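*Asks:* structure for the following, please:
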Amino acid sequence: MIQQVEAVYENGVLRPLAPLALNESQRVSITIVGPDAGQELLDVELLERARAEVSAMTDFPTIEEVRALLATIPGSVADAVVAERGEY
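*Replies:* Prediction:
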(Lines give C-alpha, C1' and ligand atoms only; values in the text may rest on other atoms or scores of the structure.)
Protein backbone atom coordinates (compact mmCIF):
# COMPACT_ATOMS: atom_id res chain seq x y z
CA MET A 1 0.00 0.00 0.00
CA ILE A 2 1.29 3.46 -0.89
CA GLN A 3 -0.29 6.43 0.83
CA GLN A 4 0.82 10.03 0.51
CA VAL A 5 0.03 12.46 3.31
CA GLU A 6 1.32 15.82 4.42
CA ALA A 7 2.80 16.17 7.88
CA VAL A 8 4.27 18.82 10.16
CA TYR A 9 7.51 18.32 12.06
CA GLU A 10 7.03 19.56 15.63
CA ASN A 11 9.19 18.91 18.68
CA GLY A 12 11.03 16.03 17.02
CA VAL A 13 7.87 14.25 15.87
CA LEU A 14 6.16 14.06 12.45
CA ARG A 15 2.46 14.80 12.91
CA PRO A 16 0.24 13.81 9.95
CA LEU A 17 -2.26 16.44 8.84
CA ALA A 18 -4.83 13.79 7.94
CA PRO A 19 -5.82 10.42 9.42
CA LEU A 20 -3.71 7.45 8.31
CA ALA A 21 -5.05 4.07 7.27
CA LEU A 22 -2.55 2.20 9.48
CA ASN A 23 -2.79 -0.34 12.25
CA GLU A 24 -1.49 0.58 15.69
CA SER A 25 2.29 -0.09 15.94
CA GLN A 26 2.50 -0.83 12.20
CA ARG A 27 5.96 -0.17 10.77
CA VAL A 28 6.19 2.04 7.70
CA SER A 29 8.91 3.51 5.50
CA ILE A 30 8.91 7.30 5.14
CA THR A 31 10.35 9.42 2.34
CA ILE A 32 10.81 13.09 3.22
CA VAL A 33 10.16 15.51 0.34
CA GLY A 34 10.65 19.18 1.15
CA PRO A 35 8.93 22.11 -0.53
CA ASP A 36 12.00 22.79 -2.69
CA ALA A 37 12.40 19.20 -3.92
CA GLY A 38 13.63 19.10 -7.50
CA GLN A 39 14.77 22.72 -7.53
CA GLU A 40 18.27 21.67 -8.53
CA LEU A 41 16.78 20.25 -11.74
CA LEU A 42 15.14 23.53 -12.76
CA ASP A 43 16.74 26.18 -14.92
CA VAL A 44 15.62 29.03 -12.66
CA GLU A 45 17.09 31.75 -14.89
CA LEU A 46 15.20 30.43 -17.93
CA LEU A 47 11.95 30.25 -15.94
CA GLU A 48 12.36 33.85 -14.75
CA ARG A 49 13.02 35.06 -18.31
CA ALA A 50 9.97 33.16 -19.59
CA ARG A 51 7.76 34.58 -16.83
CA ALA A 52 8.98 38.09 -17.66
CA GLU A 53 8.25 37.58 -21.36
CA VAL A 54 4.76 36.26 -20.69
CA SER A 55 3.92 39.07 -18.27
CA ALA A 56 5.12 41.62 -20.86
CA MET A 57 2.79 40.18 -23.49
CA THR A 58 -0.50 41.99 -23.75
CA ASP A 59 -2.01 40.76 -27.00
CA PHE A 60 -2.81 37.05 -27.15
CA PRO A 61 -4.56 35.52 -30.16
CA THR A 62 -7.96 34.04 -29.53
CA ILE A 63 -8.56 30.36 -30.22
CA GLU A 64 -10.62 31.38 -33.24
CA GLU A 65 -7.68 33.35 -34.65
CA VAL A 66 -5.34 30.40 -34.13
CA ARG A 67 -7.79 28.05 -35.83
CA ALA A 68 -8.16 30.44 -38.77
CA LEU A 69 -4.39 30.61 -39.21
CA LEU A 70 -4.02 26.82 -38.95
CA ALA A 71 -6.77 26.38 -41.54
CA THR A 72 -4.60 28.19 -44.12
CA ILE A 73 -2.00 25.41 -44.01
CA PRO A 74 -2.62 23.06 -46.93
CA GLY A 75 -2.74 19.37 -46.01
CA SER A 76 -2.05 18.66 -42.37
CA VAL A 77 0.14 20.38 -39.82
CA ALA A 78 2.07 17.12 -39.44
CA ASP A 79 2.83 17.13 -43.18
CA ALA A 80 4.01 20.74 -42.95
CA VAL A 81 6.35 19.89 -40.06
CA VAL A 82 7.78 16.87 -41.90
CA ALA A 83 8.31 18.95 -45.04
CA GLU A 84 10.01 21.73 -43.04
CA ARG A 85 12.34 19.32 -41.25
CA GLY A 86 13.32 17.43 -44.37
CA GLU A 87 14.81 14.02 -43.77
CA TYR A 88 16.08 14.44 -40.21
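*Asks:* only the buried residues of the biggest helix by length in the chain, if you could.
*Replies:* Criterion DSSP state H: the longest helix present in the chain is helix 44-56. The neighbour-count check on helix 44-56 (16 or more other Cβ atoms under 10 Å) flags nothing as buried. (C-beta placed from N, C-alpha, C; glycine too.)
*Asks:* show residues contacting the lowest-mean-pLDDT helix or strand in the chain.
*Replies:* Every helix and strand in the chain was compared by mean pLDDT, DSSP states H and E; the lowest is helix 77-85, with a mean of 83. Applying Cβ atoms under 8 Å, 6 or more residues apart in numbering, the contact partners of helix 77-85 are 70, 73.
*Asks:* check the offset of that helix from the chain's centre.
*Replies:* 28 Å (Cα atoms, centre = their mean, to the nearest Å).
*Asks:* again, but for stretch 77-88
*Replies:* Distance, stretch centre to chain centre, for stretch 77-88: 28 Å (Cα atoms, centre = their mean).
*Asks:* over to stretch 2-12?
*Replies:* Relative to its chain's centre, stretch 2-12 lies at 23 Å (Cα atoms, centre = their mean).
*Asks:* before we move on, back to that, which parts of whichever helix or strand comes after the longest helix of the chain are buried?
*Replies:* Using DSSP states H and E, the helix or strand that follows helix 44-56 in sequence is helix 63-71. Buried residues in helix 63-71, counting neighbours by 16+ other Cβ under 10 Å, are absent.
*Asks:* ok, back up a step: quick check: angle from the least confident helix or strand of the chain to helix 63-71?
*Replies:* 60 degrees (axes from the mean of the first three to the mean of the last three Cα atoms, to 10 degrees).
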